[in-house]
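Student: coords please:
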Amino acid sequence: MEKEVFAPTDPLMYCPNCAEKVSRKVTACPQCEQKIFKESRWPMFGMILGCIFPLIAIVGILAAVAIPAYQDYVERTEQAQFEIQGELEEWKQQ
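Tutor: Residues are numbered from 1 along each chain as shown. Okay, the predicted model is just below:
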């Protein structure tokens, strides 16, 4: 039995057991009574979450390391600016 190709909007699908055309609204094939699992509306949803959560964890770890390092960098830069300004004023007074 050769299967016909249907457009994605077609309300029919095939039974995986007997290849009988069945409506997308039924949950079991009327001929062989095999349960038919409907296609999910979001089949990639689980994979997307599985990709996003590790990325969020990695970004959180990087932020936990980078933010204190940046704050230390800013503090050292401000101290260096004050030292340079003090040396510059001493040099101007001479």
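
Student: can you give me the helices in the chain?
Tutor: 45-93 (DSSP state H).

Student: I'd like the mean pLDDT over stretch 34-54, please.
Tutor: Stretch 34-54 comes out with an average pLDDT of 71.

Student: which residues does Tyr73 contact?
Tutor: By Cβ atoms under 8 Å, 6 or more residues apart in numbering, no residues touch Tyr73. No exception for glycine: its C-beta is placed from N, CA and C like everyone else's.

Student: burial of Glu20, as a residue count?
Tutor: For Glu20, the count of nearby residues is 14 (other Cβ atoms under 10 Å).

Student: Give me the phi and psi for it.
Tutor: phi -80, psi 140 (degrees, to the nearest 10).

Student: In contact with the residue nearest to it when sequence neighbours are not counted: list those residues for me.
Tutor: Spatial nearest neighbour of Glu20, chain neighbours left out: Gln31 (4.8 Å); criterion: Cβ to Cβ, 6 or more residues apart in numbering. Neighbouring residues of Gln31 by Cβ under 8 Å, 6+ apart: Cys15, Cys18, Glu20.
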